[in-house]
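S.K.: all I have is the shape, not the residue letters:
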């Protein structure tokens, strides 16, 4: 009986073991299939959302539908020593990264060797696993918040610092501190956000910490370098400058001995350095690349108009130092950018629909016009240029270039074989622009020729004025004439005939001659007192140029005919044009 029972027990145990083995094989096969299917293994949750058996795309969509970014308005509670503070993730623009969260859910069982991954996959059939979400956030804003969080908690550790001064390294040793570890605090806050455990407080005690050890080897790794020459490359049509590097070295044994003799907190000491100069500096590269002024021009403006002067200076500074590779196109709007208050531009007079009105960025067209003239003198190719609606006084007719961000640009191409550099300055009422490059053996001189082919007198506009007596007229504004001007450049090369090249045609509208006409009450003529005889008016005696008197009445004055427009002066005569009035600013649509 006992033997029989024992045999039956062995048989039953054998059957159970076989069943368990079969189940294990089935589960393992299922786990292997799940692992290799490209789908997220079963039992996987991310941010509380079940993503089991889903593809990456399906999991991403499901996470996006179920995870709301409003959760980041909740506060994370941090206890730092005996002070409790809060951090709100939305303050540093925290948001779910749905794609990375889905990838994390898919890959969390794919770490380690094959058998370990299979074991995890097998266990996933019985144990649910929560995968923390991935977030994206503004790292700079987060660092600022972390800095503020720890600002008044204990005493900060002051790390060792150093700087190179001439041929020596000046080192200042650090100071110990008593405060929570900043890196641990940062990591714990981010992990709390990822896991969504906002109800749990994060606690950190103040720790006594010393600065990281200072050794000569560490300093050597931080500051020592071999010297290297400056150079430039043209990458994707743009000039990329690589500055020179000063070589720095020191005696390692001597440096360590000096460090060992200064162990006090906040101590300052010096380590002798050997400086190795490069053969070619950046200044030498630029002097070689930009050795010649190939075109320049200057205009004048009223420095008493503070807002306009500031706009001119701001645009000049943005352009100054721009380098163009051969074939590269310069865009005024692309370099100067949008004219806005946030960029520092101010309100000054501008042209809008043929009239002068206040507008943001008034004055910047004097910069583009000055640059246009310098570019022509440098004999570079003009890609885009538009004249103003009305004439301006700071350059001759046919030699201005208006701009309007988003609508009108001034563009030119570096049509030389070498890089060029634009230099702009604005000071003391003078706007100056120069193009630096390299002169070729076939030197050329460029001048302007402008031809006025059309002229119109200022149109008249009469405006009723109740402040003037009935019928009386008063000229409020003389207006300006309209012109059509063709502009050429004359290229002269030694031993060749001058070449005349057509540049552009400028159409300027005339501005209104505004006349105020009185609509008020008529002023009655004075009547003589009773008994008095009216007296005839006597013409005043006009002295003659010779100094002798003439008793003949002066002839009635007549309006002199408008002179025919003449060709505008050459560049040399335009270097000092008449001062710019407040109203003749800039472009056609407010810029």
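M.R.: Perfect, I can see it now. Bear in mind that the values here come from a model prediction, so they are computed numbers and not experimental data.

S.K.: make it CA atoms for all contacts and neighbour counts henceforth
M.R.: Noted.

S.K.: for the protein, which segments count as helices?
M.R.: 2-36, 56-66, 98-107, 114-123, 139-150, 182-195, 216-223, 252-260, 282-289, 306-319, 332-336, 364-377, 571-574 (DSSP state H).

S.K.: what bridges to residue 460?
M.R.: Counting by DSSP bridges, residue 460 forms beta bridges with residue 513.

S.K.: and if you look at residue 435?
M.R.: When assigned by DSSP bridges, residue 435 has beta-bridge partners residue 295, residue 422.

S.K.: and it, what pLDDT?
M.R.: At residue 435, the pLDDT value in this model is 96.

S.K.: one more: the one 4 residues further on?
M.R.: Here, the pLDDT recorded for residue 439 equals 87.

S.K.: circling back: now the helices of the chain in a markdown table, with mean neighbour count and distance to residue 295?
M.R.: Conversion of the helices of the chain to a markdown table gives the following (neighbours: other Cα atoms under 10 Å; distance: least, Cα to Cα, whole Å):
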| stretch | mean neighbour count | distance to residue 295 |
| --- | --- | --- |
| helix 2-36 | 13 | 69 |
| helix 56-66 | 17 | 59 |
| helix 98-107 | 21 | 55 |
| helix 114-123 | 17 | 71 |
| helix 139-150 | 14 | 44 |
| helix 182-195 | 16 | 56 |
| helix 216-223 | 14 | 43 |
| helix 252-260 | 15 | 53 |
| helix 282-289 | 16 | 15 |
| helix 306-319 | 21 | 16 |
| helix 332-336 | 17 | 17 |
| helix 364-377 | 27 | 5 |
| helix 571-574 | 15 | 11 |
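
S.K.: wait, which of the ones you listed is closest to residue 442?
M.R.: When those are compared by Cα to Cα, helix 364-377 sits nearest residue 442, at 15.3 Å.

S.K.: and for the closest one, what are the contacting residues?
M.R.: Identification of contacts with helix 364-377 by Cα atoms under 8 Å, 6 or more residues apart in numbering yields 294-299, 311-312, 315-316, 332, 382, 394-395, 399-403, 410, 412, 431-435, 445-447, 489, 585-587, 591.

S.K.: then stretch 416-425?
M.R.: Under the contact criterion Cα under 8 Å, 6+ apart, stretch 416-425 has outside partners 239, 289-290, 313, 316-317, 319-327, 380, 414, 431-438.

S.K.: what does stretch 174-186 give?
M.R.: Contact with stretch 174-186 is made by 80-81, 146, 150, 153-161, 204-211, 265-267, as judged by Cα under 8 Å, 6+ apart.

S.K.: in PyMOL, select just the buried ones from those residues.
M.R.: Selecting the buried subset of the contacts of stretch 174-186 in PyMOL, with 16 or more other Cα atoms under 10 Å as the burial test, is done by:
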select buried, resi 80+146+150+153+154+155+156+157+158+159+160+204+206+209+210+266
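
S.K.: the contacts of stretch 174-186 in strands, which ones?
M.R.: When strands are assigned by DSSP state E, the members of the contacts of stretch 174-186 inside them are 80, 161, 204, 207-209.

S.K.: ok, the closest residue to residue 258 other than its chain neighbours - contacts?
M.R.: In space, residue 258 comes closest to residue 271 once its chain neighbours are excluded; the distance is 7.2 Å by Cα to Cα, 6 or more residues apart in numbering. Under the criterion of Cα under 8 Å, 6+ apart, the contact partners of residue 271 comprise 168-171, 250, 255, 258.

S.K.: mind checking which of the contacts of helix 364-377 land in strands?
M.R.: With strands identified by DSSP E, the entries of the contacts of helix 364-377 that belong to them are 294-299, 382, 412, 431-435, 445-447, 489.

S.K.: among the residues you listed, the buried ones, what's the PyMOL command?
M.R.: In PyMOL syntax, the buried subset of these is picked out as below (16+ other Cα under 10 Å):
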select buried, resi 294+295+296+297+298+299+382+412+431+432+433+434+435+445+446+447+489
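
S.K.: lowest average pLDDT across the helices of the chain?
M.R.: The lowest average pLDDT among the helices of the chain, as it happens, falls on helix 571-574, at a mean of 32.

S.K.: residue 192 against residue 198, yeah?
M.R.: Yes: Residue 192 lies in contact with residue 198 (Cα atoms under 8 Å); the separation is 6.6 Å.

S.K.: quick check: neighbours shared by those two?
M.R.: Common neighbours of residue 192 and residue 198 are listed as residue 76 (criterion: Cα under 8 Å, 6+ apart).

S.K.: domain-wise, how is the protein divided?
M.R.: Domain segmentation of the chain under automatic domain parsing yields 1-26, 216-285, 290-522+568-574.

S.K.: what bridges to residue 272?
M.R.: When residue 272 is checked against DSSP bridges, its beta-bridge partners turn out to be residue 168.

S.K.: and it, what is it in contact with?
M.R.: 167-169, 250, 255.

S.K.: what's the burial count for residue 325?
M.R.: 24 (other Cα atoms under 10 Å).

S.K.: which residue is the nearest non-sequential neighbour of it?
M.R.: With sequence-adjacent residues excluded and distances taken as Cα to Cα, 6+ apart, residue 325 is closest to residue 419, at 4.5 Å.

S.K.: got the buried residues for stretch 439-459?
M.R.: For stretch 439-459, a neighbour-count test (16+ other Cα under 10 Å) marks 444-452, 455, 457-459 as buried.

S.K.: got the contact list for it?
M.R.: Looking at stretch 439-459 with Cα under 8 Å, 6+ apart, the contacting residues turn out to be 292, 294, 376-379, 397-398, 478-494, 510-513, 565-571.

S.K.: and stretch 151-165, by the same measure?
M.R.: Residues outside stretch 151-165 that contact it (Cα under 8 Å, 6+ apart) are 80-81, 83, 169-180, 206, 209-212, 214.

S.K.: average pLDDT across that stretch?
M.R.: What stretch 151-165 shows for mean pLDDT is 89.

S.K.: mind putting the contacts of residue 271 into CSV with distance to residue 367?
M.R.: Formatted as CSV, the entries for those read as follows, by distance: Cα to Cα, whole Å:
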residue, distance to residue 367
168, 45
169, 45
170, 46
171, 48
250, 50
255, 55
258, 57
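
S.K.: identify the bridge partners of residue 426.
M.R.: In this structure, residue 426 has beta-bridge partners residue 431, where bridges are defined by DSSP bridges.

S.K.: for it, which residues are in contact?
M.R.: For residue 426, the contacting residues are 312-313, 316, 432, by Cα under 8 Å, 6+ apart.

S.K.: tell me the confidence at the residue nearest to residue 325?
M.R.: We have a pLDDT of 93 for residue 419.

S.K.: what's the spacing between it and residue 323?
M.R.: Using Cα to Cα, to the nearest Å, residue 419 is found at 7 Å from residue 323.

S.K.: mutual contacts of those two, please.
M.R.: Shared between the contact lists of residue 419 and residue 323 (criterion: Cα under 8 Å, 6+ apart) are residues residue 239.

S.K.: and the most centrally placed residue in the chain, what does it touch?
M.R.: If you average the C-alpha coordinates of the chain and look for the closest C-alpha using Cα atoms, centre = their mean, you land on residue 337, 7.5 Å from that point. Contact analysis of residue 337 by Cα under 8 Å, 6+ apart lists residue 405.

S.K.: what is the nearest of the buried residues of stretch 439-459 to residue 504?
M.R.: Nearest to residue 504, judged by Cα to Cα, of those is residue 450 at 9.7 Å.

S.K.: hey, what's the closest residue to that closest one other than its chain neighbours bridged with?
M.R.: Taking Cα to Cα, 6+ apart, and ignoring the residues beside it in sequence, residue 450 has residue 487 as its nearest neighbour in space, at 4.5 Å. On the basis of DSSP bridges, residue 487 takes part in beta bridges with residue 450, residue 504.

S.K.: contacts only, for residue 487.
M.R.: Neighbour list for residue 487: 398-399, 448-451, 502-506 [criterion: Cα under 8 Å, 6+ apart].

S.K.: next one: residue 241
M.R.: Contact analysis of residue 241 by Cα under 8 Å, 6+ apart lists 230-233.

S.K.: over to residue 253?
M.R.: Under the criterion of Cα under 8 Å, 6+ apart, the neighbours of residue 253 are residue 216.
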